[in-house]
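>>> sharing a model prediction with you, sequence too.
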Amino acid sequence: MKFIDEYRHPALLKSQLAELRRGVTRRWVIMDVCGGQTHSLLRHGLEEALEDVLELVHGPGCPVCVTPAEAIDDAVKLAKRPDVILASFGDMLRVPGRNGSLLLARAAGADVRTVYSPVDAVQLAAKEPTRQVVFFGVGFETTAPATALAVLQARQLGVKNFSVLVHHVRVEPAMRAVMQLPDNRVQGFLAAGHVCTVTGFAHYGAFVEEFQVPVVVTGFEPLDLLTGLTECVRLLETRQPQLRNQYARSVRPEGNPHAQRLIDEVYTIATVPWRGLGAIPDGGLVMRSEWRDFDARNRFELPAPVSSSDGDCRSADVMAGRIKPPECPLFGNACTPDTPVGAPMVSSEGACAAYFRYARSPISTESASGPLAPALRGEG
Amino acid sequence: MSELDDGGEWFSCPIPNEADGGLVTLAYGEGGRLSRRLIRERIVSRFDNEQLRSLGDAALLETQSKKLAFSTDGYTVTPLFFPGGDIGQLAVFGTVNDLAVSGAVPRWLSLAIIIEEGLPWSVFDRVLDSIHSAAALATVAIVTGDTKVVPRGAADRLFITTSGIGEVLAPAPPGPAALRPDDVLLVSGPIGCHGAAILCARERFDFEPPPSSDCAPLTAPLVALHSAGITPRAVRDATRGGVAAVLHEWADACQLTCVVEEAAIPIDTQVRAVCELLGLDPLHLANEGTFVLATRPELVEPTLTVLRQFAVSRRAVVIGRVSPRRITPVTVVRGLGREVPLDEPSGAPLPRIC
């Protein structure tokens, strides 16, 4: 399959891996800030292949993981209203808030629908004029233009029973928050390629300047990730804190101006809470007041979600690379993929969920500790 | 078209009439004359056989086998018709395949149908026709059954339950607890077709051409394996949860690890495109005419030779092996030749945002 197979070709991957390993003299700590990259690193075994030469930290880049429990509670609350149809991206349905998930709400009678585009939710609203259709708008700058477009379309078509429960988040402020954490260990970043197709990457110049860390715009296929990491390592080894684009087939410096205009027209930058990390200055988008008729928080009089805390959960330390998931007291006890407490246990891309599934204590059979048992990642 | 003859004789014409607007009504489920009429004109007339014709309370069956396989399954699917199949074929092949992978020759099926009132007769008839051809293809007889009509909202158009009885061919596969290290894992054909077809049909993704379900009976290749004197360790049709679910069940049963090679797994281009776009793993998608088979290494070649003689398993291929227990029960060798754990599916596959 074109645009996939050539980026997964085993021989190419092996030679890129060899090049990367040749260039490393110490075990650098590099963070990826996109759930898609985390998923690909784990799925293709790259993290394990690089474990002895690089420490990969999976940052707060999965929109499913970083949506605060309070925002999910609000979505559940709306879904339970008999006059509301709650439309959402598929993988938000499983994520639990403090009072269960949207899937549970649906089982209890709420009208929750999966849509693949926010624009589908506008069509749904047009077809169901007696109900209120609320789209649960989560995600980074990649999904924000689509929800903005849906709002524009709803106004244009006069669809008044459509609104968006917004929890859009922005990548760069989260990277900034990571760098400002006390004891931050991250030395270089892979910037999220698909976000950069929208935002461009020029704005990372100031980030690089301020924090003196290399940032490499990187794609998602295994070869993309290896070339991104190779470049990041080269910049680290040669002490060049610089900005590079290794995903030029998709990302232009200026990004996608049309998508940026859509975001700007409907949203404004605001400080919003992230699950596990708390409030991040300028870390999100909220609807501009001129669009308040389409803002579900305004329509249903919901207060803005407060800073999210998951109690004893140490997910912020995990996402910052300070501890490995098994060092958290809740890991594997109160917190499992079926009953997640913290953000990184929520989706399969999250670091805690990955550790729980892939590196729990071995099942006690005679062969578990035998020569075929692969090394555990980290000290998991 | 005929008028409903309220006071008189049976109408022999099974075509829907004007009086009920071409729709199934509750009256057809209330056990009276209309119920009998539905059964005679639509069911018995189609699936005609000795047991059914007697309209007794139970079918009386004669068998030479000492050992029978008995299985049941309920079928609900949206939409009822999709590329490559429909609910009728699923209801027949699903139960037939459960029997066939257990080492039996499927012989008899029961057919219980719950109809939501308001279903067009044309839809009902189309499903019955499909059940009829599927049963003929799978050489099973429908020998007993039931129909109910429920009020609107109490069912989603049409629910079908079939139970099946098959005669077990000795020796039957001993099952997954008998797996041993170095046993070889095969699939009978490209995986994920049914799951991808349903997802695209339900969500109206306009892939062109659309992925098509693999819905088909699996009896012929499995009986042929038996005739060739080949007894696999275990066979399972990889329905809901896909190949991943089968491998996890097997790994649990034998306390070993199943290792599959991603590059060896046959996947059609359409299915792969759907999976790449939506962030799904074809190993998690349902199949309705594809099985996973485990066998001893020395039986791999003869097994493949037999399987490849049949259309339904022409693309049978080795995908992996059983190994001593690792930390994780199922692993996939991906890109760099590294083993990556394969998740057990949990709930329906949901497309990822990121």
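Okay, I see it.
>>> nearest to chain A: which residue in the stretch 251-354 of chain B?
residue B:338 (3.0 Å; Cβ to the nearest Cβ). The C-beta positions use only the backbone N, C-alpha and C, and glycine is treated the same way.
>>> that residue contacts residue A:45, doesn't it?
Yes. Using Cβ atoms under 8 Å, residue B:338 makes contact with residue A:45 at a distance of 3.0 Å.
>>> and the residue of the stretch 251-354 of chain B closest to chain A, what is it in contact with?
Residues in contact with residue B:338, defined by Cβ atoms under 8 Å, 6 or more residues apart in numbering or on different chains, are A:44-45, A:48-49.
>>> repeat the analysis, applying 10 Å as the threshold.
A:44-49, A:374, B:331-332 (Cβ atoms under 10 Å, 6 or more residues apart in numbering or on different chains).
>>> quick test: name the residue nearest the centre of the chain.
Since no chain was named, I'll use chain A. residue A:62 (1.7 Å; Cα atoms, centre = their mean).
>>> wait, chain B
residue B:94 (2.4 Å).
>>> sorry, back to before: any shared contact partners between residue B:338 and residue A:45?
B:331-332.
>>> could you find the closest non-adjacent residue to the residue nearest to the centre of chain A?
Of all residues not flanking residue A:62 in the chain, residue A:35 sits nearest, at 3.1 Å (Cβ to Cβ, 6 or more residues apart in numbering or on different chains).
>>> return the backbone torsion pair for that neighbour.
In terms of degrees, to the nearest 10, the main-chain angles of residue A:35 are phi -60, psi -40.
>>> okay, and the residue in the stretch 1-150 of chain B positioned nearest to chain A sits in which element?
Scanning the stretch 1-150 of chain B for the residue nearest chain A gives residue B:78, at 12.7 Å (criterion: Cβ to the nearest Cβ). Counting by DSSP states H and E, no helix or strand carries residue B:78.
>>> test my guess that it contacts residue B:198.
Yes. Assessed by Cβ atoms under 10 Å, residue B:78 is found in contact with residue B:198 at 8.1 Å.
>>> what is the neighbour count of the residue in the stretch 151-300 of chain A positioned nearest to chain B?
Per Cβ to the nearest Cβ, the residue of the stretch 151-300 of chain A with the smallest distance to chain B is residue A:222, at 5.0 Å. Neighbourhood size, residue A:222 [other Cβ atoms under 10 Å in any protein chain shown]: 26.
>>> can you check the pLDDT for it?
Model confidence at residue A:222, given as pLDDT, is 94.
>>> again, but for residue A:307
64.
>>> do the same with the one 5 residues further on
According to the predicted model, the pLDDT of residue A:312 comes to 79.
>>> biggest helix in chain A, by residue count?
helix A:222-237 (DSSP state H).
>>> ok, the residue nearest to the centre of chain A touching residue A:354?
No. Counting by Cβ under 10 Å, residue A:354 is not a contact partner of residue A:62; they are 11.1 Å apart.
>>> who touches both of these two?
With Cβ under 10 Å, 6+ apart, residue A:62 and residue A:354 have common neighbours A:38-39, A:344, A:347-348.
>>> okay if I get those residues as TSV plus secondary structure?
Below are the shared contacts of residue A:62 and residue A:354 laid out as TSV (DSSP: H, G, I helix; E, B strand; the rest coil):
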residue	secondary structure
A:38	helix
A:39	helix
A:344	helix
A:347	coil
A:348	coil
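>>> so which of the residues you listed wins on neighbours?
residue A:344 (32 neighbours).
>>> hmm, back to that, what about residue B:78 and residue B:198, which has more around it?
When residue B:78 and residue B:198 are compared for neighbours, residue B:198 comes out ahead with 23 against 11, by other Cβ under 10 Å.
>>> any idea what the closest residue to the more buried one other than its chain neighbours is bridged to?
Distances taken as Cβ to Cβ, 6+ apart put residue B:82 closest to residue B:198, at 5.8 Å, once the chain neighbours are dropped. Under the criterion DSSP bridges, residue B:82 forms beta bridges with residue B:85.
>>> point me to the residue of the stretch 1-150 of chain A nearest chain B.
Closest point on the stretch 1-150 of chain A to chain B, by Cβ to the nearest Cβ, is residue A:45, at 3.0 Å.
>>> wait, what's in contact with that residue?
A:13, A:222, B:331-341.
>>> recalculate using a threshold of 7 Å.
B:334-336, B:338, B:340 (Cβ atoms under 7 Å, 6 or more residues apart in numbering or on different chains).
>>> in chain A, which strand has the most residues?
strand A:278-287 (DSSP state E).
>>> show me what the mean pLDDT comes to for it.
Averaged over strand A:278-287, pLDDT sits at 94.
>>> likewise for stretch B:336-354?
76.
>>> returning to that earlier point: which of the contacts of residue A:45 tops the neighbour count?
residue B:335 leads the contacts of residue A:45 on contacts (other Cβ under 10 Å) with 26 neighbours.
>>> number of nearby residues for the spatially closest residue to it that is not a sequence neighbour?
Among residues not flanking residue B:335 along the chain, residue A:44 sits closest, at 4.3 Å (Cβ to Cβ, 6+ apart). Neighbours of residue A:44 under the rule other Cβ under 10 Å: 24.
>>> in contact with residue A:44, which residues?
Here residue A:44 is in contact with A:222, B:334-336 (criterion: Cβ under 7 Å, 6+ apart).
>>> how much space separates it from residue A:325?
Remark: distance between residue A:44 and residue A:325 (Cβ to Cβ, to the nearest Å) = 21 Å.
>>> doesn't residue A:216 lie inside a helix?
No. According to three-state DSSP, residue A:216 belongs to no helix; its state is strand.
>>> isn't it right up against residue A:232?
Yes. Residue A:216 lies in contact with residue A:232 (Cβ atoms under 7 Å); the separation is 4.6 Å.
>>> what touches both of those two?
Joint contacts of residue A:216 and residue A:232 (Cβ under 7 Å, 6+ apart) are residue A:190.
>>> so where's chain B shaky on pLDDT?
B:1-19, B:352-354 (pLDDT under 70).
>>> at 80 instead, please
B:1-21, B:326-327, B:335-336, B:346-354 (pLDDT under 80).
>>> partners of the strand ranked longest in it, with directions?
In chain B, taking DSSP E as the definition, the longest strand is strand B:104-116. According to DSSP bridges, strand B:104-116 forms sheet pairs with strand B:141-150 (parallel), strand B:158-168 (antiparallel).
>>> what residues does the stretch 201-350 of chain B put near chain A?
Counting by Cβ under 7 Å from any Cβ of the partner chain, the positions of the stretch 201-350 of chain B adjacent to chain A are B:203, B:255, B:269, B:272-273, B:276, B:323-328, B:334-341, B:343, B:347, B:350.
>>> so what's the closest residue to residue B:272 other than its chain neighbours up against?
The shortest distance from residue B:272 to any non-neighbouring residue, by Cβ to Cβ, 6+ apart, is to residue A:1 (5.9 Å). For residue A:1, the contact set (Cβ under 7 Å, 6+ apart) comprises B:269, B:272-273.
>>> got the angle for the strand or helix carrying residue A:14 vs helix A:222-237?
Using DSSP H and E, residue A:14 falls within helix A:10-22. On the basis of axes from the mean of the first three to the mean of the last three Cα atoms, to 10 degrees, helix A:10-22 is oriented at 10 degrees to helix A:222-237.
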